[in-house]
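In: Test case, fold it:
(2 chains)
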Amino acid sequence: MMTRTASTPFEFKAAAHLLFIEREQARNLAELLDALLSCSENSIFQHTFRTLEEHHFIKEGFSNDFAHWASSELGVIGLGERLASLDVREFTSLSSLRSRLIQLVEEFLARNPSVREQIAENPFYFCSSKTVVLPVQTRARDLAEFIDGLKQVSIHSIHYHFIEARLRRKLETNDFSLWLEKELGLSRAASLLNRIDIYTSTLDGVKRKIAQILENATD
Amino acid sequence: MEDSRSIPLQPDTTGQSHADFPSPRERRKPRTSEVPPLAPPPAQLADYETIIGNAQVDELRFLASILRGKTVKMVNSTAVGGGVAEMLNCLVPLLRELEIKTGWEVITGGNDFFEITKAFHNALHGGEYALTEQARDVFMRHTEQNRQRMNFDEDFIVIHDPQPAGLVASKTGRSSRWIWRCHIDLSNPNIEVWNFLQPMVERYDAAVFSSPAFARQLSIPQALFYPCIDPLSEKNKELEESYIREVCDNFGVDRSRPIVTQISRFDRLKDPVGVIQAYKMAKKYVDFQLVLAGGSASDDPEGAIVLREVMEAADEDPDIIVLDLPPWSALEINALQRASTIIVQKSLKEGFGLTVTEGLWKGKPIIASAVGGIPTQVIDKLTGALVHSVEGCAYQIRYLLMHPELGLQLGRNGREHVKENFLMTTNVRRWLLLFRLLSEGLNPAPR
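Out: Predicted coordinates:
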């Protein structure tokens, strides 16, 4: 294992979120579209990025709350599949993610106008989350310390650094890859981390894969 | 069709043959203690480390460190009995251990007050009720008496449910933050009663609801705290295999064959007769026993009638085991859940459905109606199976008994879902976050 020491240590953090109930509700796709246009960015965050963390133990069949509602409550499987195919890591801003969600619903309604007013079994209740960032008492100056730290921290920390980081950094990467490349020169490992599929793994599985890639890192 | 006898079963650790089990009549006389046992001491934070991991307990400690020295007062209407008192008995010691000085006070009132608050409770669930001037006066008079008796100098005042909601009249412009924790479903309230309470509720700094579906449109922020279970309580803690075996033996439950269980009081809204109908449909294809275990029907006239209906529907079937248990049977219920192959909750109407949470926590595949808070917990095909009819329930019982590997996967996911979202430690985290956000000046109203 390489032994290069970082000039700036990696400080593991975690984010704690508190859910709030918002005013918007949708009983059908027309109302969902209205609500997607007017809801806060915190709501978009909650029902896409955050819900992935809340359901981190599921490795197939759950992607975001909009997709789940369209499939299971409205029974519009085609839209459910399209919404489920959204990968939050392709978005570095919530406004672009919101636009994409709206586009998918509009396109579906244009092709299927008859389902516009179809009533869902249960409404979609918009929520939002407020975030408090927590420092974790774990720092890493080299690869060995980083792998040790990674194994100690909670899945909340993995979500914060590996998934949410894109929104903070406005970059299509994550905190781990950035640090590993910049501080330790591990560009290949950094790139491999970005190829981990978060939608076919649990977050614990993601954590194990990151550790596995880094334990084999040589560049 | 597959022979039901070839289905892989849970391991038989009893060493008993089917013939050793008591007859149906004998097994309907469960041996439980006749007096409530002493409550165990409250758990400490370190006790949860083996369940949620050191990192998450450390996160709680960090969140609390920012609030160290802050004071909290919890107020509700009863010190014993009911879910709120049970939850506070666990939450308050944990907050104190985290050095948040937390007090707990109970409002007092005469029979007239509690009769009115009981009527309010039913009306807020949508029941018919004519709110009289006299009822308002009694409510306000007792609220005033409690207000005079209590001090509200703490940093955070948390008022639970509608009975003490009027105490918010003591809120001044000083630094205390007031939170109304509503544990009941306000989705379809008697509008007269709600109109009476709403101005009080909107004086709080924030409200907390158990589900978005239970909330109202309010001018104050509304946080979402899912109800939770304590993994270390008697109802949920890990049990020795020998104890589970002893309970099953006492109740005449044969562990060498699959067991499908519904735990609920004998109430038509829990549809125990529908569960028996589902059992009869599924039993044509697969061999299993049905256990219906619930709270005592002895002090509830309607419960006794429903229990009689259940016994009639069971029709002396030796594989339907109906257990009318006293309220202090948490350990026995825990053992029955752990012994079960599948847990059913076929309610027609439900609150959040904490018996579902308990079943999920025990890693059992759950078949449950898509009502109340159940769909939040049972994500269809991922953490259990949602059903909408007796027929659907029967089919899912058959399917899961025929495909135990799917049941294991659902059970694993279900337990993780509870671990992440519905444990007492998650609620401690939510309270700490809410206190912190209120300290920092949470926006007074949603957009």
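In: need the contact list for the residue of the stretch 101-250 of chain B found nearest chain A.
Out: As assessed by C-beta to the nearest C-beta, chain A sits closest to residue B:212 within the stretch 101-250 of chain B, at 3.3 Å. Using the backbone N, CA and C atoms, a C-beta is placed for each residue, glycine as well. If you count contacts by C-beta atoms under 8 Å, 6 or more residues apart in numbering or on different chains, residue B:212 has them with A:21, A:25, A:125, A:127, B:224.
In: Apply 10 Å and report the result again.
Out: Shown in contact with residue B:212 (C-beta atoms under 10 Å, 6 or more residues apart in numbering or on different chains): A:19-22, A:25, A:123-127, B:187, B:222, B:224, B:376.
In: Show me the domain layout of chain A.
Out: Here the domain parsing of chain A from automatic domain parsing is A:5-15+A:132-215, A:18-128.
In: In CSV: those domains, plus distance to residue B:169, mean pLDDT and mean neighbour count.
Out: Output for those, formatted as CSV (distance: least, C-beta to C-beta, whole Å; pLDDT from 0 to 100; neighbours: other C-beta atoms under 10 Å in any protein chain shown):
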stretch, distance to residue B:169, mean pLDDT, mean neighbour count
domain A:5-15+A:132-215, 31, 92, 18
domain A:18-128, 25, 94, 18
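In: In CSV: the ones you listed, plus distance to chain B.
Out: Output for those, formatted as CSV (distance: least, C-beta to the nearest C-beta, whole Å):
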stretch, distance to chain B
domain A:5-15+A:132-215, 4
domain A:18-128, 3
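In: how about these in CSV, adding distance to residue B:170?
Out: Putting these into CSV (distance: least, C-beta to C-beta, whole Å) gives the following:
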stretch, distance to residue B:170
domain A:5-15+A:132-215, 29
domain A:18-128, 26
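In: can you give me the strands for the stretch 251-400 of chain B?
Out: B:259-263, B:289-294, B:320-324, B:342-345, B:366-369, B:385-387 (DSSP state E, counting those that start in this stretch).
In: Among those strands, which comes closest to residue B:71?
Out: strand B:259-263 (38.3 Å; C-beta to C-beta).
In: Which secondary structure elements does that closest one sit against?
Out: Helices and strands touching strand B:259-263, as assessed by 3 or more C-beta pairs under 10 Å, 6 or more residues apart in numbering or on different chains; DSSP states H and E, comprise helix B:272-283, strand B:289-294, strand B:320-324, helix B:330-339, strand B:342-345, helix B:354-361, strand B:366-369, helix B:390-402.
In: could those be laid out in TSV, adding mean pLDDT?
Out: Shown next, in TSV, are these (pLDDT from 0 to 100):
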stretch	mean pLDDT
helix B:272-283	98
strand B:289-294	96
strand B:320-324	96
helix B:330-339	97
strand B:342-345	98
helix B:354-361	96
strand B:366-369	98
helix B:390-402	98
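In: mind putting the ones you listed in a markdown table, mean neighbour count and distance to residue B:57 included?
Out: As requested, those are exported to a markdown table (neighbours: other C-beta atoms under 10 Å in any protein chain shown; distance: least, C-beta to C-beta, whole Å):
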| stretch | mean neighbour count | distance to residue B:57 |
| --- | --- | --- |
| helix B:272-283 | 22 | 39 |
| strand B:289-294 | 24 | 34 |
| strand B:320-324 | 23 | 37 |
| helix B:330-339 | 22 | 24 |
| strand B:342-345 | 28 | 29 |
| helix B:354-361 | 26 | 18 |
| strand B:366-369 | 28 | 28 |
| helix B:390-402 | 21 | 35 |
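In: Take the ones you listed and write them to JSON lines, including distance to chain A.
Out: Listed next are those as JSON lines, based on distance: least, C-beta to the nearest C-beta, whole Å:
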{"stretch": "helix B:272-283", "distance to chain A": "19"}
{"stretch": "strand B:289-294", "distance to chain A": "27"}
{"stretch": "strand B:320-324", "distance to chain A": "31"}
{"stretch": "helix B:330-339", "distance to chain A": "20"}
{"stretch": "strand B:342-345", "distance to chain A": "17"}
{"stretch": "helix B:354-361", "distance to chain A": "12"}
{"stretch": "strand B:366-369", "distance to chain A": "12"}
{"stretch": "helix B:390-402", "distance to chain A": "14"}
